[in-house]
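Q: Make a model of this:
(one chain, ligands or ions: 1)
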Amino acid sequence: MKFLTPQEKAVILDKGTERPNSGIYEHFDEPGTYLCKQCNAPLYVSVDKFDAGCGWPSFDKALPGAVKRQPDADGRRTEIVCANCGGHLGHVFEGEGFTPTDTRHCVNSISLEFTTLPLATLQRMETAIFAGGCFWGVEHLMQKEPGVLSVTSGYIGGHLQHPTYEAVKAHTTGHAEAVSIFFDPDITTYEHLAKVFFEIHDPEQADGQGPDIGPQYRSEIFYTTPQQREVAEKLINLLKEKGYKVVTKVTPADTFWEAEGYHQDYYERKGTEPYCHFRTRRF
Ligand SMILES: [Zn+2]
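A: Okay, the predicted model is just below:
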């Protein structure tokens, strides 16, 4: 889940409406896919976008199962929300005669994130989530791997919604610092990325990584499919056979909460290399 700005929260969580003609996607016709701003689920494709002249981006259909309809609190309109995360999108209207579907999804630009990636490419992608100490270093090194489209720093494995860096640091939430890696399985594999993960952090150090001490720096793999779990356990057994006393936990992924903007691309922005993470061959 994305870290939302106050403006994004006002619409996506509190069901506000952006001012007409103020959103970035109203007059925008690049080919690509529109994702939910909060959870990245694909919602609409550009071929279904049309100009209704209403002041907000309009689509004459959503991707199958991507958008949920519910009665609006005003008792008149039909609200639309992301079926995956419940984030507010806007409203849907029927019977206006704009296009053959006779339907208009009137969506706030701020609820959407556009990508030029075609839907088929997005649907092929996989997500890998690794916790291996300070997320800045793991993000920096994973970003260099071929086939990795994006790496996001965040928090996972705790019990609080919308955790902040301060709360995680205070050990009150149970979260680990982690990275969420969006990768193309036609170019790289989960097994390769998991091997890189085991070689850029020390899987023998419990509750810390190098000089960073605390449970938020623990070594843990959060798998998103049963196949990822098998691979993770296989690699841990391989390392144990080689004599490594691996403490890495393997856990089903729950909600990944994106970290605050100033934690993203930390080393790229700083132009330096990580002090906490470097590659050591272990396989
Ligand atoms: Zn969503």
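
Q: does L193 count as helix, strand or coil?
A: helix (DSSP: H, G, I helix; E, B strand; the rest coil).

Q: give me the number of residues near the nearest residue to it once chain neighbours are set aside?
A: Leaving aside its sequence neighbours, L193 sits nearest to A128 (Cβ to Cβ, 6 or more residues apart in numbering; 5.3 Å). C-beta: built from backbone N, CA, C; applies to glycine. A128 has 27 neighbours, counted by other Cβ atoms under 10 Å.

Q: sec struct for A128, please.
A: Assignment for A128 (three-state DSSP): strand.

Q: Please apply the same query to E233.
A: Counting by three-state DSSP, the backbone at E233 sits in helix.

Q: any idea what sits nearest it, other than its immediate chain neighbours?
A: In space, E233 comes closest to V250 once its chain neighbours are excluded; the distance is 6.0 Å by Cβ to Cβ, 6+ apart.

Q: hey, what's the residue nearest to L193 bridged with?
A: Judged by DSSP bridges, the bridge partners of A128 are I181.

Q: if I pick the residue nearest to E233, what's in contact with it?
A: By Cβ atoms under 8 Å, 6 or more residues apart in numbering, the contact set of V250 is E220, I221, Y223, R229, A232, E233, I236.

Q: tell me which element T251 falls in.
A: strand 249-252 (DSSP states H and E).

Q: Ramachandran coordinates for G137?
A: Reported as degrees, to the nearest 10, the phi and psi values for G137 are phi -70, psi -40.

Q: cool, and Q216?
A: Per degrees, to the nearest 10, the backbone of Q216 is at phi -70, psi -10.

Q: and it, what does it touch?
A: Y155, V168, K169, H171, H175, A176, E177.

Q: And the pLDDT for it?
A: pLDDT for Q216: 96.

Q: Ok, H263 next?
A: In this prediction, H263 has a pLDDT value of 88.

Q: what's around it, how many residues?
A: Neighbours around H263, by other Cβ under 10 Å: 19.

Q: check which helix or strand covers the nearest residue to it once chain neighbours are set aside.
A: Spatial nearest neighbour of H263, chain neighbours left out: S153 (4.9 Å); criterion: Cβ to Cβ, 6+ apart. Using DSSP H and E, S153 sits in strand 148-156.

Q: what sits up against the next helix or strand after that strand?
A: Using DSSP H and E, the helix or strand that follows strand 148-156 in sequence is helix 165-169. The contact list for helix 165-169 (Cβ under 8 Å, 6+ apart) reads Y155, G158, L160, T173, H175, E177, G214, Q216, A259, E260, H263.

Q: mind redoing it with 7 Å?
A: Y155, L160, T173, H175, E177, Q216, A259, E260, H263 (Cβ atoms under 7 Å, 6 or more residues apart in numbering).

Q: again, but for stretch 262-276
A: G133, C134, F135, W136, G137, H140, T152, S153, Y165, Q209, G210, D212.

Q: mind checking how far the fourth one is from K270?
A: What that stands for is W136. Going from W136 to K270 by Cβ to Cβ, to the nearest Å gives 9 Å.

Q: Pull out the buried members of the contacts of Q216.
A: Among those, the ones that count as buried by 16 or more other Cβ atoms under 10 Å are Y155, V168, H175, A176, E177.

Q: Could you pick out the residues of this protein near the ion for me?
A: For the chain, the residues in contact with the ion (Cβ under 5 Å from the ion) are C36, Q38, C39, A41, C82, N84, C85, G87.

Q: out of the contacts of V250, which one sits closest to R76?
A: The shortest approach to R76 among the contacts of V250 belongs to Y223, at 44.6 Å (Cβ to Cβ).

Q: still on that earlier bit, among the contacts of helix 165-169, find me the one that's closest to N21.
A: Nearest to N21 among the contacts of helix 165-169, with distances taken as Cβ to Cβ, is E260, at 30.3 Å.

Q: do you know how far the residue of the chain positioned farthest from its centre is from the ion?
A: Here the chain reaches farthest from its C-alpha mean at G97, the gap being 36.3 Å by Cα atoms, centre = their mean. Taking Cβ to the ion, to the nearest Å as the measure, G97 and the ion are separated by 30 Å.
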